[in-house]
Every structure is written in structure tokens, then in C-alpha cells.
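Student: Here is a sequence with its predicted model. Questions after.
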Amino acid sequence: MKTRTFRLNKLVRDRIVQTHFDMGGGVKYKTVSGDKLTKALLKKIIEEATELRYSDLSVGELADLQELVDSLTEHLKLSKNDLKKRQAEKRRTNGGFKKGHFIDTVTLPASNKWAKYYAADPKRFPEIK
């Protein structure tokens with residue numbers, strides 16, 4: 001029987017390894033924890049967000065993203081209640097995303113804390129001169 005091997009190099013859901021074994025496959029894997037798990041969860045969140053962006057905005061892709069946020073919350077030993085409180089706090093002080101405001105450029109006094117924040121990351125926030 002001819003086989004094919006693929007490098008995944010990514011975090012997968014808990015039952016995926018056994019599923020591949022059950023299908024007669026071979027899997028080389030490791031279990032990560034601590035900082036390595038934190039980094040893997042963050043990388044996986046970006047992967048799933050990208051998939052969601054290029055999908056038909058399916059409930060399945062959104063569910064994957066929520067599963068990862070829940071897993072990261074648990075891994076960091078945060079309670080969902082604390083997360084909800086902080087979310088409500090940020091919504092109260094900064095608002096949500098319901099209005100759809102999208103900033104193209106912003107002009108601020110150079111001494112402003114946000115001007116300093118933006119200037120500190122020129123790849124994300126290039127300064128227009």
C-alpha cells in the first residue's frame with residue numbers, strides 16, 4: 001500500500017491523533033504544555049481566524065475560534081466570569097464593535113499616549129509623512 005506523509009506542525013483537537021490511528025495512519029506527535037501550549041494556542045487562534053475570514057463565515061469556523069478562546073482562557077487559569085467582566089469593562093469604556101467604525105488614518109499630538117503607542121510599532125502602524 002502506497003502512503004503519503006504530510007508535515008502538519010500544529011496543534012490539533014484532542015481526538016484527531018486517535019482518529020488518524022483508527023484510519024490506519026501513523027502519527028508522530030508530542031504533547032505540549034506551559035509556554036509551548038500558550039504559543040500553540042495563539043498560533044491556532046490566528047489559523048482559525050484566517051480560515052473564518054476566507055470561509056462563508058460558517059458557524060463551524062466560528063465555533064472553532066470560540067473553542068480556542070475557551071481553551072486559552074482555561075489554560076491561563078482565567079475564569080470565564082473574569083473574562084466576561086473584563087469584556088463588559090472594555091465595552092463600557094471603549095465601546096463594542098457594533099457601529100463598524102474603521103479608521104484609515106488618525107492624527108494626534110506627538111506627546112499623546114496613543115501617538116507613542118502607534119509610533120512604537122511602525123510595521124503595524126506606519127507613519128504618514
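Tutor: Thanks, I have the structure now.
Student: use CA for all of it now, contacts and neighbours both
Tutor: Noted.
Student: any idea which residue sits dead centre in the protein?
Tutor: For the chain, residue 45 is the residue whose C-alpha lies nearest the centre (C-alpha atoms, centre = their mean; 2.7 Å).
Student: what's near enough to touch that one?
Tutor: 65, 68-69 (C-alpha atoms under 8 Å, 6 or more residues apart in numbering).
Student: which helix is the longest one in the protein?
Tutor: Across the chain, the longest stretch assigned as helix under DSSP state H is helix 34-53.
Student: before we move on, what SS does residue 111 have?
Tutor: Classification of residue 111 by DSSP: H, G, I helix; E, B strand; the rest coil places it in coil.
Student: Count the neighbours of it for me.
Tutor: 8 (other C-alpha atoms under 10 Å).
Student: ok, now how distant is it from residue 117?
Tutor: From residue 111 across to residue 117, the span is 10 Å (C-alpha to C-alpha, to the nearest Å).
Student: Residue 129 too?
Tutor: Relative to residue 117, and taking C-alpha to C-alpha, residue 129 is found at 17 Å.
Student: Format the CA atom coordinates belonging to the longest helix of the chain as PDB.
Tutor: Extracted C-alpha coordinates of helix 34-53, given in PDB (Å, rounded to 0.1, in the frame of the first residue of the first chain):
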ATOM      1  CA  GLY A  34       3.100  25.500  29.700                       C
ATOM      2  CA  ASP A  35       4.500  28.300  27.400                       C
ATOM      3  CA  LYS A  36       4.600  25.900  24.400                       C
ATOM      4  CA  LEU A  37       0.900  25.300  24.700                       C
ATOM      5  CA  THR A  38       0.200  29.000  25.100                       C
ATOM      6  CA  LYS A  39       2.200  29.700  21.900                       C
ATOM      7  CA  ALA A  40       0.500  26.800  20.100                       C
ATOM      8  CA  LEU A  41      -3.000  28.000  21.100                       C
ATOM      9  CA  LEU A  42      -2.200  31.600  20.000                       C
ATOM     10  CA  LYS A  43      -0.900  30.300  16.600                       C
ATOM     11  CA  LYS A  44      -4.000  28.100  16.200                       C
ATOM     12  CA  ILE A  45      -6.300  31.100  17.000                       C
ATOM     13  CA  ILE A  46      -4.600  33.000  14.200                       C
ATOM     14  CA  GLU A  47      -5.000  30.000  11.900                       C
ATOM     15  CA  GLU A  48      -8.700  29.600  12.700                       C
ATOM     16  CA  ALA A  49      -9.400  33.400  12.400                       C
ATOM     17  CA  THR A  50      -7.800  33.300   8.900                       C
ATOM     18  CA  GLU A  51     -10.000  30.300   8.000                       C
ATOM     19  CA  LEU A  52     -13.000  32.100   9.200                       C
ATOM     20  CA  ARG A  53     -12.000  35.200   7.200                       C
END
